[in-house]
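*Asks:* model the structure of this input:
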Amino acid sequence: MADDDHDRDVERLQKEKQRAEAQLREAEQNSLRTRKVLDTLLQDSTSFHMSARVRPFSELELQRQSYNIVQCHMDEGLVELLEVRNDGTMKVQFDDLFDSTDSCSSNFASQETVYNKVGRPLLDFAFQGFNATLLGFGQTSSG
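*Replies:* Down below sits the predicted model:
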């Protein structure tokens, strides 16, 4: 009888040890994720990050043979708007620039690409308990 009690105690202690080890591994993984998020943020010189995705034309715009006034200069992270109000061009600098206008282009950015670069890190940061905001906007009825 005493041997049975001893065996049960040993088994119970082994299970508790396994649970504690699993909790420790999970805590270590959470700590690594937190450090990764913080390291990424510290590499940025600011907590404000501005990204832009230039969308493809809609079917209606393609039917109308609309002219694209948006040019992406990927190497510079620069968007150039041509002929804005007949005042010439307007240029805007971004931290990240995603061009979704031509799916055959080597610079093409899918929704998944944009999410992985912008959305996922922000969610990771928020899940670690930090404040995070993503503001998206576009022209009314543009998609």
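
*Asks:* what's the domain layout of the chain?
*Replies:* 1-43, 50-131 (automatic domain parsing).

*Asks:* deepest-packed of those domains, please.
*Replies:* Across these, averaging neighbours per residue (mean count of other C-beta atoms under 10 Å) puts domain 50-131 on top, at a mean of 13. C-beta: built from backbone N, CA, C; applies to glycine.

*Asks:* what does the closest residue in space to residue 34 that isn't next to it in sequence show for phi and psi?
*Replies:* Using C-beta to C-beta, 6 or more residues apart in numbering and skipping the chain neighbours, the partner closest in space to residue 34 is residue 128 (5.0 Å). The phi/psi pair for residue 128 (degrees, to the nearest 10) reads phi -80, psi 0.

*Asks:* how much space between residue 128 and residue 74?
*Replies:* Taking C-beta to C-beta, to the nearest Å as the measure, residue 128 falls 31 Å from residue 74.

*Asks:* correct me if wrong: the residue nearest to residue 34 contacts residue 31.
*Replies:* No - using C-beta atoms under 8 Å as the test, residue 128 is too far from residue 31 to be in contact (10.0 Å).

*Asks:* please, where are all the strands along this protein?
*Replies:* Using DSSP state E, the strands of the chain run over 51-54, 70-73, 78-81, 90-93, 96-99.

*Asks:* residue 107: what's it in contact with?
*Replies:* Applying C-beta atoms under 8 Å, 6 or more residues apart in numbering to residue 107 gives the contacts 72, 74, 99.

*Asks:* how does it look with 6 Å?
*Replies:* 74, 99 (C-beta atoms under 6 Å, 6 or more residues apart in numbering).

*Asks:* repeat that for residue 56.
*Replies:* Residue 56 neighbours (C-beta under 6 Å, 6+ apart): 100-101.

*Asks:* now do the phi/psi pair for it.
*Replies:* Per degrees, to the nearest 10, the backbone of residue 56 is at phi -70, psi 160.

*Asks:* pLDDT weak spots in this protein?
*Replies:* Applying pLDDT under 70 to the chain picks out residues 1, 37-46, 84-85, 139-143.

*Asks:* starting at the chain centroid, how far to the top helix by length along the chain?
*Replies:* When the chain is parsed with DSSP state H, its longest helix is helix 2-43. Averaging C-alpha positions (C-alpha atoms, centre = their mean, to the nearest Å) puts helix 2-43 29 Å from its chain's average.
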